[in-house]
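A.B. asks: I would like the atomic coordinates for the input below:
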Amino acid sequence: MMDLIWRGTLIGIGATLAMDLWALILTTVFRQPSANWAPVGRWFYHLTSGRVFHDSIADAEPHDRELALGWIAHYAVGIAYGIMLALLVGPAWFADPTLLPAFIWGIVTVAAGWFLLQPGLGLGWAAAKTPNPNKVRALNLAAHTVFGLGLWLTALAIR
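C.D. replies: Residues are numbered from 1 along each chain as shown. As a prediction, this is how the structure comes out:
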């Protein structure tokens, strides 16, 4: 069991790094705005007081280290997803990792962003309150596809 947790931690870190590399490519090559993890940090901070949903996270009380907290949360969630996948697929998958389970899991994880994080930040279900919800959804799906690829590639690297 501990071996699966360690492997899950590693693939979660690797997949989150892949996602961040993808974001860097989008920023430098395609001029997409870079991710700002401060609102996510502020949201996580407010979770400690039981507040999940905000009309606008920008109007919520700030936290001194919300950017750092956002980055920590980003990697903690990636690690948690890696551990969940490891527990779902078991040790046999790590002996011979295949793309499909990691890809499916990567796509499944977008649901937490669409139905918990984005509404929690005040962006609506699946970014419905943003100026271009379909663009946000497409970028989310692309990022989580890269996350799934990162899970698989990291599993290949550590086998």
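A.B. asks: residue ranges of the helices in the chain, please?
C.D. replies: Using DSSP state H, the helices found in the chain span residues 2-30, 38-47, 66-89, 91-95, 99-108, 110-112, 118-121, 133-158.
A.B. asks: Which one of these lies nearest to Ser56?
C.D. replies: Of all those, helix 118-121 sits nearest to Ser56, with 7.9 Å by CB to CB. All C-beta spots, glycine's among them, are computed from the backbone N, C-alpha and C.
A.B. asks: sorry, back to before: out of the helices of the chain, which gets nearest to Ala58?
C.D. replies: Going by CB to CB, the one of the helices of the chain nearest Ala58 is helix 38-47, 7.1 Å.
A.B. asks: residues of that closest one that come out buried?
C.D. replies: Ala38, Pro39, Val40, Gly41, Arg42, Trp43, Phe44, Tyr45, His46 (16 or more other CB atoms under 10 Å).
A.B. asks: Stretch 48-57 now?
C.D. replies: Residues of stretch 48-57 classed as buried by neighbour count (16+ other CB under 10 Å): His54, Ile57.
A.B. asks: Repeat that for stretch 152-159.
C.D. replies: In stretch 152-159, counting by 16+ other CB under 10 Å, buried: Trp152, Leu153, Thr154, Ala155, Leu156.
A.B. asks: for those, which one is nearest Tyr81?
C.D. replies: Nearest to Tyr81 among the buried residues of stretch 152-159, with distances taken as CB to CB, is Thr154, at 12.0 Å.
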